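Asks: Next come a sequence and a model predicted from it.
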Amino acid sequence: MSSEWLAGWPGVRHHEPLARHSQYGVGGPADAFLRVDDLAVLPELVARCTATGTALTILGAGSNALILDGGIRGLAVRSASKETQVADGQATLAAGTMMPRAALDLAHQGVAGMEWGIGVPGSCGASIWGNAGAFGGDVAGTLTACEVIAPDGTTRWIESSQCAFAYRDSAFKHDLAGHVVMRGAFAVSHQDPAAVRARTDAVQAERKRTQPYGVRSLGSTFKNPDGDFAGRLIEEAGLKGRRQGGAQISPKHANFILNIDHASAVDVLTLVDIVRDEVASRFGVVLEREIVLLGEELAEPAAAGRVR
Ligand SMILES: Cc1cc2nc3c(=O)[nH]c(=O)nc-3n(C[C@H](O)[C@H](O)[C@H](O)COP(=O)(O)OP(=O)(O)OC[C@H]3O[C@@H](n4cnc5c(N)ncnc54)[C@H](O)[C@@H]3O)c2cc1C
């Protein structure tokens, strides 16, 4: 791998602690880190990484990805481009646009269809990657197409039907792995702004009622198993409020793991293991992780043997 070119790329920071670039506030250093506010830069950056064999990791807001304590090798790019345009029945959002911001801005303009986005405190690009959804709406149900960058740096629009969306899943985790989402176009319509705002208010109120709010979390730690709720099983297992180092299973919603006091990724992963083991032994249900792990663990014997 040759990554000397990164030394001359404007804005690149070396050995950058990633905890400060994640909403969750956890994560070791990136070999190289770059915040990209201008979408036009991304295709060339992706092509250059591929051509030089430089590992590339795209970071969103860090509301779903747990960056491990050993950090990220190669280049970590925080895609922070923000832009929302409405035309021809579609709202087109740049990858770095935060979903709650877009939902609110659109509601104020009387643009309906994206109200659910207020419940997803992450970026548009990552939300497409993971088919995020909340309170009755999701990417799969509203996205019409998205613009992506292939590993060779070429860009193209692909239809939503080509994205293989499923429950918190998409082709970007499988056949299209290595592609970077640049923009998403979502189907919207014009309605009375007051009516649209009433719906975003309702989603927001429900979110505040049911989820930990104003504290650091990664949302749902586990996917819901068929016909049940991970939170219910974890609560029934008596694990609400369980602490490990600076991490805690939320006393309000058992499927959320909070960073309450400078948690390390190992603290969080230890709780993940405890939950998975306890729920499996009590109920015979093996929970599947919804949070995403990025980077690598610190080399330490105590971390060995865990199943992720
Ligand atoms: C309080 C709280 C509530 C939440 N509620 C919900 C909910 O109701 N429903 C829900 O679905 N989620 C929920 N989440 C999880 C989270 O907000 C979503 O998964 C969101 O889409 C993640 O966005 P992000 O920008 O934070 O992504 P990150 O956590 O930064 O990254 C997630 C993944 O996306 C990849 N990625 C990021 N940008 C791109 C890109 N442009 N192209 C390709 N890959 C990319 C990253 O490499 C990583 O693998 C919640 C989180 C919190 C903290």
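Replies: Structure received. Source: prediction; values computed, not measured.
Asks: which stretches of the stretch 51-200 of the chain form helices?
Replies: With helices called from DSSP state H, counting those that start in this stretch, the stretch 51-200 of the chain shows them at 99-108, 124-130, 139-142, 193-210.
Asks: which of the ones you listed is buried the deepest?
Replies: Across the helices of the stretch 51-200 of the chain, averaging neighbours per residue (mean count of other Cβ atoms under 10 Å) puts helix 124-130 on top, at a mean of 28. In short, each C-beta sits where N, CA and C put it, glycine included.
Asks: which parts of the stretch 201-308 of the chain sit against the ligand?
Replies: Residues of the stretch 201-308 of the chain lying near the ligand by Cβ under 6 Å from any ligand atom: 211, 217, 218, 219, 292.
Asks: Neighbour-wise, give me the winner out of those residues.
Replies: residue 217 (25 neighbours; other Cβ atoms under 10 Å).
Asks: Can you list the strands that the host helix or strand of it pairs with?
Replies: Using DSSP states H and E, the element containing residue 217 is strand 216-220. Strand 216-220 has these partner strands in its sheet, going by DSSP bridges: strand 256-259 (antiparallel).
Asks: can you list the residues that contact the strand holding residue 217?
Replies: Strand 216-220 is contacted from outside by 23-25, 63-66, 121, 230-231, 250, 255-260, 290-291, using Cβ atoms under 8 Å, 6 or more residues apart in numbering.
Asks: quick one: stretch 248-261 to chain centroid distance?
Replies: 18 Å (Cα atoms, centre = their mean, to the nearest Å).
Asks: Repeat that for stretch 290-302.
Replies: Using Cα atoms, centre = their mean, the offset of stretch 290-302 from its chain centre is 17 Å.
Asks: ok, back up a step: redo the residues of the stretch 201-308 of the chain next to the ligand as TSV? Include distance to residue 99 and pLDDT.
Replies: As requested, those are exported to TSV (distance: Cβ to Cβ, whole Å; pLDDT from 0 to 100):
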residue	distance to residue 99	pLDDT
211	15	89
217	16	97
218	15	97
219	12	96
292	16	97
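Asks: Out of the residues you listed, which comes closest to residue 158?
Replies: Ranked by distance to residue 158 (Cβ to Cβ), those are led by residue 292 at 21.5 Å.
Asks: Spatially central residue in this protein, please.
Replies: Per Cα atoms, centre = their mean, the C-alpha nearest to the average position across the chain is that of residue 64, at 3.9 Å.
Asks: returning to what we had before: identify whichever of the helices of the stretch 51-200 of the chain lies nearest to residue 116.
Replies: helix 193-210 (6.3 Å).
Asks: Appreciated, that's everything.
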